[in-house]
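1. dropping the sequence and predicted coords here.
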Amino acid sequence: MKSITSEIDSFFNNESQISQVIDNYHFREEQLDLANQVAHCFINDEYLVAEAGTGIGKTLAYLLPAVLWSVKEGHRVVISTRTKALQQQIIEKDIPALQKLLAYKFLAVEAKGRENYLCWNKYMSIMGGRKALSEEEQEFIAAIMVWAEKTKSGDRKELSLPGSLMKQWPFVAADRHSCRKDLCRYQDKCFRLHLIRQMEKAHLIITNHALLLSDLMAENNILPEYKYLIIDEAHSFDRESFDKLSCRFSYDDTLMALESLYSHSARYEKGYLQLIKGRYPEWTALIFETGLLIDKSIALTQKIFSQLNRFSPGEGEYARVIKSTELDEPEFLTTLEYYRDWQSNHNLIIKQLNKLKEELSGKDEEGELASYVRLLYELSEQAFLIMEEDINLTDRIIWLEYSHGQVSTICSSLVKIGDTLQEKLYQQLDSLIMVSATLTVEEQFDYFINKIGLTEAMQDSRINTCLKPSPFAYDDNACLCLIPEISSTDSYKFNNDICEILTNIILTGQGKSLVLFTSRKQMQQVAQLIRPLCQQYACPLFVQYEDGESGTVLNGFIEASHALLMGVDTFWEGIDLKGNLLNCIVMVKLPFRPPSEPFSYASDLFCQLKRQNGFKHFLLPDAAVRFKQGIGRLIRGEADRGLVVLLDNRIINMPYGKVFINSSPIKNLVTVNKGELQELYLSWL
């Protein structure tokens, strides 16, 4: 039997065979070397941290050894991506290609959140007339009936319905709270159970970071056991872990849960308890008492969040950290008093529902009540962890999130998120592969290894590193343009300077430019100033959140021949616009995170606990990686060419600017004045 490494060598050296299945395939030594390093780590139970620049083919480089290792050695491999786009690419394109090219048969299963699947119990309740439907819901059910009866996967991606109809999807989607588990009569038709059985048989499981982290939160009850893990798009895994592993007490979620059980107005009462009362009038007294408790809980929830609204966010911000000194202020102490009353009352509701569930044992309503009890218990537990435990811990932070100017959620998370990953994830693995196009700062992995919680593994000499720059000819095909005469980023003239630069681009009447902002408010201000000019010169302007969500504005931009696209965070990474779909990137500011943002605040606090400077050890290297991500949107193919215009002169005026220059894949730097930009822009089209 050939060794795994020799099979890898044979596979990649057979360029003609691969190119018959994979369009435009070219053998790259870097891809072969990366694949062999992945195999080495599997064989020797080691870790690999790898930066593979655009064009190397990192996905195939880790998929091949993963398949060979799983098939030959019998070990399941889990592959996790940040974006759904890459997850779908692997399942729909890369895996089928490998299945054609390899002599081995192997099973790869896509694992997604249960909300992607039809719940047969919900569907049958609707078809049996047990749920009242609005006109929109009736239209949606009529549209999915044929599919629902024929589908083998129950996956919503099989539906090709307009967005207006798919808004009703949650009405029939599986969800954790309404799942009846062992009490469900339709287990043989449960699409999620079918997925679980498929995952148990799979050689490869292709999932996403959100589900991977949810599995950690659920004590590994979602994914089957695995010892070999590949994390692609790993550059943001710490940020996603911070968000996903946090505790959250949400105003909307709490009210929705309570009001779905019982609510009333001057004219009528409604909710699931009213339905039970109609069916079992003998339990009217118990239901009446429970309704009163729910009324009280709703009122206390409103008081808690009304009190929290006394803590205002900064201008243009959507989150605010509650500092330790503020926990003893009267505003927060009053919040705690309301919370204690809420928690005590909430536990009484759970007790009443359990009593009612016992009385209805063996009946259909038992399963539904069990779901409500689980939901209320989870809400109670999340609130308890935040308001009674985490609030007193120095290694956690508490913050508020806002929607439409009002507090929507109170949250808490660990400051040392890497420690949690080490304990709950890394220690359970035999081998870990972490790969991305952007992990290094000035070609060093130290920042990533420290922030992701792999310092201990590094000290144990268990980590291998691999740096493979992009094979694309950046020096010939790309240029980084600086304009020294532009005002400083904190000047009142800066927005006008941005508009002047964009005007030069618009007036060419050619090309397609992506304008990357770090502030949503500044993006809206500039868009307001530049939109009339865009309309005058027939240059379509697509502004994220103003002209649609990210997918909508991106599609509009792709279809236009000459356009401007303005975006914030989501456009700094993950979009793939090849050829003439993108000619120029205008980067308004270096992408430093606001220090007041919860993730930044926690990271700075982590640095303080280690007696490190937060700017040097977090804000600067974090911004350098995001800078590389932004630049990486420009050159996506071998023939691509284009221009990056940076309007933030801190890169040349501040000592730390060299970190960005040294980290940039574009080494061709050009300095021009405003009047010369138009000619430079046209030369790169």
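-> Alright, I've got the coordinates.
2. scan this protein for its longest helix.
-> In the chain, with assignment by DSSP state H, the single longest helix is helix 330-359.
3. just how off-centre is it within its chain?
-> 32 Å (Cα atoms, centre = their mean, to the nearest Å).
4. please spell out which residues along it are buried.
-> Neighbour counts over helix 330-359 (16 or more other Cβ atoms under 10 Å) mark 332, 335, 338-339, 341-343, 345-346, 348-350, 352-353, 356-357 as buried. Bear in mind the C-beta positions are built from the backbone N, C-alpha and C, glycine included.
5. and for stretch 295-306?
-> Quick answer for stretch 295-306 (16+ other Cβ under 10 Å): 296-298, 300-301, 303-305.
6. next SSE downstream of the strand or helix carrying Val49?
-> Using DSSP states H and E, Val49 maps to strand 47-52. Downstream of strand 47-52, the next assigned helix or strand under DSSP H and E is helix 58-73.
7. elements contacting that following helix?
-> Here helix 58-73 is seen to pack against helix 4-13, helix 29-44, strand 47-52, strand 77-81, helix 95-101, strand 204-208, strand 228-232, strand 431-436 when contacts are counted using 3 or more Cβ pairs under 8 Å, 6 or more residues apart in numbering; DSSP states H and E.
8. just send the ones you listed back as a markdown table, with mean pLDDT too.
-> Shown next, in a markdown table, are those (pLDDT from 0 to 100):
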| stretch | mean pLDDT |
| --- | --- |
| helix 4-13 | 92 |
| helix 29-44 | 96 |
| strand 47-52 | 97 |
| strand 77-81 | 97 |
| helix 95-101 | 94 |
| strand 204-208 | 97 |
| strand 228-232 | 98 |
| strand 431-436 | 98 |
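9. now the ones you listed as TSV including distance to Pro65 and mean neighbour count?
-> Formatted as TSV, the helices and strands packed on helix 58-73 follow (distance: least, Cβ to Cβ, whole Å; neighbours: other Cβ atoms under 10 Å):
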stretch	distance to Pro65	mean neighbour count
helix 4-13	6	16
helix 29-44	4	20
strand 47-52	10	24
strand 77-81	9	25
helix 95-101	11	16
strand 204-208	11	24
strand 228-232	9	24
strand 431-436	9	25
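10. let me know which of these is the nearest to Asn121.
-> strand 204-208 (24.6 Å; Cβ to Cβ).
11. quick one: strands adjacent to that closest one?
-> strand 77-81 (parallel), strand 108-110 (parallel) (DSSP bridges).
12. dump that strand to CSV, restricted to CA.
-> Listed next in CSV are the C-alpha coordinates belonging to strand 204-208 (Å, rounded to 0.1, in the frame of the first residue of the first chain):
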residue,chain,number,x,y,z
LEU,A,204,-15.4,14.1,6.3
ILE,A,205,-17.8,16.5,8.0
ILE,A,206,-17.9,20.0,6.4
THR,A,207,-19.3,22.5,8.8
ASN,A,208,-18.9,26.2,9.7
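13. quick revisit: out of the strands paired with strand 204-208, which gets nearest to Leu507?
-> Closest among the strands paired with strand 204-208, using Cβ to Cβ: strand 77-81, at 40.3 Å.
14. tell me what angle the closest one forms with strand 431-436.
-> Counting by axes from the mean of the first three to the mean of the last three Cα atoms, to 10 degrees, strand 77-81 lies at 20 degrees to strand 431-436.
15. helix, strand, or coil at the residue sitting furthest away from the middle of the chain?
-> Most distant from the centre of the chain: Glu282, at 48.3 Å, with distances by Cα atoms, centre = their mean. Under DSSP: H, G, I helix; E, B strand; the rest coil, Glu282 falls in the helix class.
16. what segments of the stretch 251-400 of the chain are helices?
-> For the stretch 251-400 of the chain, the helices defined by DSSP state H, counting those that start in this stretch cover 251-261, 272-279, 284-308, 330-359, 364-384.
17. what are the boundaries of the helices in the stretch 451-600 of the chain?
-> Going by DSSP H, counting those that start in this stretch, the stretch 451-600 of the chain shows helices at 455-459, 474-477, 494-506, 520-536, 550-559, 598-609.
18. export the ones you listed to a markdown table and append columns for mean pLDDT and distance to Phe660.
-> Formatted as a markdown table, these follow (pLDDT from 0 to 100; distance: least, Cβ to Cβ, whole Å):
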| stretch | mean pLDDT | distance to Phe660 |
| --- | --- | --- |
| helix 455-459 | 90 | 25 |
| helix 474-477 | 90 | 15 |
| helix 494-506 | 95 | 19 |
| helix 520-536 | 95 | 20 |
| helix 550-559 | 91 | 25 |
| helix 598-609 | 92 | 18 |
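19. which one, of those, ends up nearest to Gly632?
-> Taking the helices of the stretch 451-600 of the chain one by one with Cβ to Cβ, helix 474-477 is closest: 10.4 Å.
20. the closest one: which residues count as buried?
-> 474, 477.
21. quick one: that helix to chain centroid distance?
-> So, by Cα atoms, centre = their mean, the centroid of helix 474-477 is 32 Å from its chain's centroid.
22. swap in stretch 97-111?
-> With Cα atoms, centre = their mean, you get 27 Å for stretch 97-111.
23. next: stretch 78-90.
-> 11 Å.
24. same check, this time on stretch 402-415
-> 17 Å.
25. got the contact list for it?
-> With contact meaning Cβ atoms under 8 Å, 6 or more residues apart in numbering, stretch 402-415 is reached by 242-243, 245-252, 305, 308-309, 311, 313, 317-320, 385-387, 390-391, 395-401, 420, 598, 602-603, 605-606, 609.
26. ok, now stretch 548-561?
-> In contact with stretch 548-561 (Cβ under 8 Å, 6+ apart) are residues 512, 514, 540, 542-544, 547, 563, 565, 567, 570-571, 575, 577, 581.
27. follow-up on the earlier one: for the strand holding Val49, which helices and strands make contact with it?
-> So strand 47-52, by 3+ Cβ pairs under 8 Å, 6+ apart, packs with helix 29-44, helix 58-73, strand 431-436, strand 463-468.
28. now the ones you listed as a markdown table including distance to Ser164?
-> What follows is the helices and strands packed on strand 47-52, written out as a markdown table (distance: least, Cβ to Cβ, whole Å):
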| stretch | distance to Ser164 |
| --- | --- |
| helix 29-44 | 44 |
| helix 58-73 | 35 |
| strand 431-436 | 37 |
| strand 463-468 | 45 |
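29. and the pLDDT at Lys2?
-> With respect to pLDDT, Lys2 scores 66.
30. use 17 as the first number for this chain going forward.
-> In the new count, where the first residue is 17, that last one comes out as Lys18.
31. so how far is stretch 506-519 from its chain's centroid?
-> With Cα atoms, centre = their mean, you get 32 Å for stretch 506-519.
32. mind listing what's buried along it?
-> 510-511, 513-515, 517-519.
33. just to revisit the earlier point, out of the helices of the stretch 267-416 of the chain, which gets nearest to Ala489?
-> It's helix 267-277; of those, that one is closest to Ala489 (Cβ to Cβ) at 50.8 Å.
34. buried sites along the closest one?
-> Neighbour-count burial for helix 267-277 [16+ other Cβ under 10 Å]: 267, 269-271, 273-274, 276-277.
35. helices along the stretch 117-266 of the chain, start to end?
-> 136-143, 151-166, 179-182, 207-217, 225-233, 253-260.
36. what about Arg390, how many residues nearby?
-> 16 (other Cβ atoms under 10 Å).
37. so what's the residue lying closest to it once chain neighbours are set aside up against?
-> Leaving aside its sequence neighbours, Arg390 sits nearest to His193 (Cβ to Cβ, 6 or more residues apart in numbering; 6.6 Å). Contact analysis of His193 by Cβ under 8 Å, 6+ apart lists 273, 387-388, 390-391, 394.
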